[in-house]
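Trainee: no sequence on hand, only this structure:
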């Protein structure tokens, strides 16, 4: 069986991305859009489009009743949530089920479980995955947190149990700091995530962010598509992602894949997901969290494996088996994704919305561009500033870096008031630390202060 | 060693294609352009650009002294000829050598040899390749042609020895027709190619056009990158090319690869080239000709193998060995190229030059676009009507067809007076004959008359 | 006021008027999609003309706005200013009556007061009453009973009471 | 105030108004995407018209600026119609003289007749004489001796004899 019609509960490039695969599968699509997106490309691309609310996401893309009503009105029997918005909302998945609509994602119980970062940490330890020394689940109070910190040693990292995407996380170097950090993170978590619980882990200052792409079906198959290295990030916001990781020893690479599959099996994971690991300077990996959705950077893995991850998500949600086995997964060459944001790195990464007077994406060999925009479109100030994902593939990492630079140089984006991350991305790719794969998650900040120093000096 | 600077003696998408790889290799480029191309994207893309002549190709892109002077002026030590224009001109290759410039292509003697279609046919037979019954080299006179035809049986096909690209070819069904055909083809060949020699072969009315991609270096390595099936063509002009061929039995596939390598070795072939075969309804392959240049449709093979053919051409021309061995060549999945031409299929494929008010190429997974144009550019009436090559890859042929259709539907090209082959390409891909791989080189014409019949009726 | 100052004053006024026109142009250009083909401003009696290029056969956003002096009147699509729209506050199903068989909340010709319920939009089994923003007379009920509506879709038009 | 000063004053005002229009044009052109096809300003009652290269239009965005104020003056540097250019007929090296050390074919100030050789472009060791199309006086030799030239590059400018 497959779906009659899929509603895409998202916007921008990921809405277009999902609609493209639906078209290739012959499944009609419904877009939902806010007033700010009434002229957006993704809304025009879908077979039908429903205006679900005003610009504010709370009243449109995050407003479950509007999305469900749109699905019921148009006769959509499945909803693809993309990333962000309602994608990790187990309650929304339940409402879908209550209305006879398939939510394209893991089962709600599994979403609940992996959404509680403190709980999933314990579950993964149970499944044999390495986790950092830390609290057993959430800490009950400041004194509880102080006891855990005293046991595991400072510095510690305090994380919101309901957090994600790098928000609600702070480091405490000593007991005095922990007091403030505990207060801030619990307050932040309560306010932003509606759940004030936090947990503690030992803090590894210099590390790499490596994540494994998972796929599971309802027939008991769980497999992985290798890892992505997302160490080039600024304030937990990824700028560049690549595969394979340039620093992972082969033994660790194989182990991460096995860990990811074991952990996913342990919680009964189905659909697409990502298991995040931290890899320290000595090559030791520890489990961080599970992201129960398609990731922004999934095309990196698609370029390396040839697998259409969205297609597999849809197949699995429709009850079909995955279309290949672990043995058939081949990881060939090297892929790099660069996030082109409408932001001004010279002005504290301030978003720079505006009309794209010129928008000319690169082409030629080994280049893929996923963007929700085309020339003449308006980048609204309302949502995130991602305007395009440039993904390149080449037989070797060095060739992929050269190709990424070539393609970034070709990428023309112009508009009154519009600045992009393209020049910064080119400078980052040109650094010897990146070429040699020596960069950690702190590299971008180091690089930016080095540049600022040069300018000041 | 590598080159200091490469002059690209071509225009449009292939000039841009070559410049992209040069950039990735860190080699500066020189574009040469005619007056008609002064605002063309390829000219702006190169590091330097030299205006070499007026719009007429004869006085610019085909005018060797202008190209050589441009190379000497800019200090280019190599010339990439692309396809068409001077790419198969052995004399030009000799002039390059005389001026201390490396011609990126086979040695001039080899170009001479494969450029004589009658002679290369004999050479390939000598190397053990199957050739169709026909004349031994060129025929000396009409009576000679009649004798050959009587021996091999009608219908026969008469081909210009110096021809190529489907021009200077005619079929004769009997002796009466042969008289006219002989006169026309020799006259045409004398006029167009400056050499009136023709040769004869048995004519196979229903066949597939399959070609093998070759690469050879100066260290004795010759290898192949599998075949392309170019059976979807109209009047010998290819519309759609794909790999692998959907009809080739595995035994024939392997044999073609071996034939191609054996034939190339026999003539000492270096660089990139293509060996063309005709495959009849029974799956029997016979040698047709060798194209001593990069082909328009080379990206099909690049998508399937991950090899950058232009990069290998440049390496080989610089005396380096090929960067991989035959064993390392993996042919994965299926790739399809669609030629988007500024032509009106409803008006006898009349070229429709004009300004591209809208030019929005498709994106997303498995899509590559090679085009010399961007939005706002002028398609000049002076040259061929190719405005973009859309190439898709997917794990299976059925998925690749669905992806090609999706991407063609996304491809927006608009402009006053501009029509494209996009709607026709979509209709062709949707035919059961194509889906089932049953189409021969005559299919497009059959399809067009079927459509015309429907309209008339 | 001396001549020079008068001249400056006139300049300032022209400046301001021109800025106004330009801002109008910018606003209109931003709100209507598609490539602009031409913009013309005039100060004399205050005019502004913008033409959009028609990229294709698609319905051309023929956003032509002409303002001509004293009582500035938008000519194009001049929606009757005395008509106000009551739009759907969310996606759902529009109901004209509180329950099946009951008389409708409002009918064409009815007078409504500010805050009066003119219909219901049901979403996820929740009944959301839709109220009139302004007092006036119901000129049109734009959606049939039990019809699906999108966010912002016009449900009812009310002819508001004159000033 | 005498007449001349009044005239100057009026000129200044016009100048200022024109500057205003020009600035407006620049602002609008910056805010709207796409290649501008034409800009026209008027002073009469202050008008400004900008056209963007319509997708339909074949015309190259020729950035034409037309000012129609009283003393109508083209702003674009209009090439002197009495000057004609002699351009390189092919890519090569330009030589001013038939051989090293010889006097040049022409120098600034020389009179040339139609068909007279003004220089040589050497390409692939072939010497291609370049001839004057028109008779007149050499106003400029634009390329130095033994310099590389592109196709169409201006070699010499000749002030042609009046009509």
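Mentor: Now that the structure is in, tell me what you want to look at. Everything quoted here is computed from the prediction, not taken from an experiment.

Trainee: all helices of the stretch 51-200 of chain A, in order?
Mentor: For the stretch 51-200 of chain A, the helices defined by DSSP state H, counting those that start in this stretch cover A:64-74, A:90-98, A:108-115, A:117-126, A:142-152, A:175-193.

Trainee: neighbours around residue C:103, how many?
Mentor: 9 (other Cβ atoms under 10 Å in any protein chain shown). The C-beta positions use only the backbone N, C-alpha and C, and glycine is treated the same way.

Trainee: tell me which residues touch it, please.
Mentor: residue C:97 (Cβ atoms under 8 Å, 6 or more residues apart in numbering or on different chains).

Trainee: assign a three-state SS to it, would you?
Mentor: coil (DSSP: H, G, I helix; E, B strand; the rest coil).

Trainee: deepest-packed of the helices of the stretch 51-200 of chain A, please.
Mentor: helix A:64-74 (a mean of 23; mean count of other Cβ atoms under 10 Å in any protein chain shown).

Trainee: show me what that helix is packed against.
Mentor: Other helices and strands packing on helix A:64-74, by 3 or more Cβ pairs under 8 Å, 6 or more residues apart in numbering or on different chains; DSSP states H and E, are strand A:6-8, strand A:29-34, strand A:48-53, helix A:90-98, strand C:92-95, strand C:117-123.

Trainee: neighbouring contacts of that helix?
Mentor: Taking Cβ under 8 Å, 6+ apart as the rule, helix A:64-74 contacts A:5, A:7, A:9, A:30, A:32, A:48, A:50, A:52-53, A:59-61, A:76, A:79, A:86, A:89, A:91-92, A:95-96, A:99, A:101, C:90-93, C:123-124, C:126, C:148, C:151.

Trainee: mind running it again at 6 Å?
Mentor: Applying Cβ atoms under 6 Å, 6 or more residues apart in numbering or on different chains, the contact partners of helix A:64-74 are A:7, A:9, A:30, A:32, A:48, A:50, A:52-53, A:79, A:92, A:95, A:99, A:101, C:90-92, C:123-124, C:148.

Trainee: again, but for stretch A:200-212
Mentor: A:132-135, A:145, A:148, A:152, A:155-158, A:171, A:224, A:227-231, A:245, A:256, A:260, A:274-281, A:440-441.

Trainee: report the buried residues of it.
Mentor: A:200-204, A:207-212 (16 or more other Cβ atoms under 10 Å in any protein chain shown).

Trainee: would you list the residues you listed in JSON lines and tack on pLDDT?
Mentor: Below are those laid out as JSON lines (pLDDT from 0 to 100):
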{"residue": "A:200", "pLDDT": "95"}
{"residue": "A:201", "pLDDT": "94"}
{"residue": "A:202", "pLDDT": "94"}
{"residue": "A:203", "pLDDT": "93"}
{"residue": "A:204", "pLDDT": "90"}
{"residue": "A:207", "pLDDT": "90"}
{"residue": "A:208", "pLDDT": "93"}
{"residue": "A:209", "pLDDT": "94"}
{"residue": "A:210", "pLDDT": "97"}
{"residue": "A:211", "pLDDT": "97"}
{"residue": "A:212", "pLDDT": "98"}
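
Trainee: now the two most distant members of those residues.
Mentor: The most widely separated members of the buried residues of stretch A:200-212, counting by Cβ to Cβ, are A:200 and A:212 (24.3 Å).

Trainee: what residue in the stretch 101-250 of chain A comes nearest to chain D?
Mentor: Distances between the stretch 101-250 of chain A and chain D by Cβ to the nearest Cβ are smallest at residue A:239, namely 27.2 Å.

Trainee: got the residues of the stretch 1-150 of chain A near chain B?
Mentor: A:20, A:23-24 (Cβ under 6 Å from any Cβ of the partner chain).

Trainee: need the residues of the stretch 151-300 of chain A near chain D, please.
Mentor: Applying Cβ under 6 Å from any Cβ, one finds that the stretch 151-300 of chain A does not approach chain D at all.

Trainee: quick one: the strands in the stretch 151-300 of chain A?
Mentor: For the stretch 151-300 of chain A, the strands defined by DSSP state E, counting those that start in this stretch cover A:156-164, A:167-172, A:198-202, A:207-216, A:222-234, A:237-243, A:271-280, A:285-291.

Trainee: what strands line up against the second one, and which way round?
Mentor: Read it as strand A:167-172. Using DSSP bridges, strand A:167-172 pairs in its sheet with strand A:156-164 (antiparallel).

Trainee: just how off-centre is the strand it pairs with within its chain?
Mentor: 17 Å (Cα atoms, centre = their mean, to the nearest Å).

Trainee: then stretch A:116-125?
Mentor: Its chain's C-alpha centre and that of stretch A:116-125 lie 19 Å apart, by Cα atoms, centre = their mean.

Trainee: in the stretch 351-457 of chain A, which spans are helices?
Mentor: A:397-410, A:422-429, A:432-435, A:443-456.

Trainee: what residues does the second one touch?
Mentor: For helix A:422-429, the external contacting residues (Cβ under 6 Å, 6+ apart) are A:338, A:340, A:345, A:401, A:404-405, A:408, A:411.

Trainee: and that helix, what's buried?
Mentor: A:422, A:424-425, A:428-429.

Trainee: likewise the first one?
Mentor: Neighbour-count burial for helix A:397-410 flags A:397, A:399-408, A:410 (criterion: 16+ other Cβ under 10 Å).

Trainee: what's the answer for stretch C:118-128, then?
Mentor: Within stretch C:118-128, the residues that qualify as buried by neighbour count (16+ other Cβ under 10 Å) are C:118-124.

Trainee: which among those residues are in contact with chain A?
Mentor: C:123-124.

Trainee: ok, the buried residues of stretch C:118-128 vs residue A:268, which is closest?
Mentor: Taking the buried residues of stretch C:118-128 together and measuring to residue A:268 by Cβ to Cβ, the closest member is residue C:124, at 28.6 Å.

Trainee: give me the domain ranges for the chain.
Mentor: Just going to use chain A. For chain A, automatic domain parsing gives the domain ranges A:6-104, A:133-202, A:207-456.

Trainee: wait, I meant chain C there
Mentor: According to automatic domain parsing, the ranges for chain C are C:1-76, C:83-160.
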